[in-house]
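Chemist: sequence plus predicted model, see below.
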Amino acid sequence: MHIEHPKRPLAKLLITSLLLMGAAGQSFAEWKVGDALPDLTAFKLEGKLPDCSNKVLMVDFWASWCTPCAQSFPAMDPLQKKYGEQGFQIIAINVDENRTAMEKFLKKSPAAFAVVRDASQQLVEKAGVSTMPGSFIVDRAGKVRFVHSGFNGKKTEKQYEIEIESLLKK
């Protein structure tokens, strides 16, 4: 899978293909609740991954051209600050084709959490993310416990808090 700006023809072709394949009963590998998070270091991500051992994680896939992603970044900063010392870590994984686009976005919306880039788009493909942002909340044992597709403002923010708090208590 190759994710790019939605106004480009390849993106339209990809979306059409995904819909047709879904209608034909074919499916892609995608992370589901209960799945083990794969070893992120195996995907040659650009940037420094934080130590994730024994932490509750939010793995968030995003792109600079994604309007809901621009809305979710300011919502994630307070989560990292509020829960970080309790063993919570956000890893935002950028899927932009162009590193400069990611850097420009981060200048406007700096992040207090880890940001890496999936230049090869292998990880986003394995995760099966079809809507940006796509977020996975993972427990301390490395199992996916919650999946989010898109971002719906305060409603999603509240849901993140409930889910993160439930996993930090365990």
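Modeler: Thanks, I have the structure now. Residues are numbered from 1 along each chain as shown.

Chemist: and the helices in this protein?
Modeler: Listed in chain order, the helices of the chain (DSSP state H) span residues 9-23, 67-83, 99-108, 122-127, 153-168.

Chemist: of these, give the one that comes closest to residue 93.
Modeler: Judged by Cβ to Cβ, the one of the helices of the chain that comes nearest to residue 93 is helix 122-127, at 6.4 Å. Using the backbone N, CA and C atoms, a C-beta is placed for each residue, glycine as well.

Chemist: so which bits of that closest one are buried?
Modeler: Taking 16 or more other Cβ atoms under 10 Å as the neighbour-count basis, helix 122-127 is seen to contain the buried residues 123-127.

Chemist: again with stretch 104-124
Modeler: Buried residues in stretch 104-124, counting neighbours by 16+ other Cβ under 10 Å, are found at 105, 109, 113-119, 121, 123-124.

Chemist: low-confidence bits of this protein, can you list those?
Modeler: Counting by pLDDT under 70, the chain contains low-confidence residues at 1-29.

Chemist: spatially central residue in it, please.
Modeler: When Cα atoms, centre = their mean is applied to the chain, the residue found nearest the centroid is residue 60 (1.9 Å).

Chemist: could you dump the helices of the chain to JSON lines with distance to residue 137?
Modeler: Compiled in JSON lines, the helices of the chain are given as follows (distance: least, Cβ to Cβ, whole Å):
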{"stretch": "helix 9-23", "distance to residue 137": "24"}
{"stretch": "helix 67-83", "distance to residue 137": "10"}
{"stretch": "helix 99-108", "distance to residue 137": "22"}
{"stretch": "helix 122-127", "distance to residue 137": "13"}
{"stretch": "helix 153-168", "distance to residue 137": "5"}
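
Chemist: which of those sits closest to residue 30?
Modeler: Shortest distance between residue 30 and the helices of the chain, using Cβ to Cβ, is found for helix 122-127: 6.4 Å.
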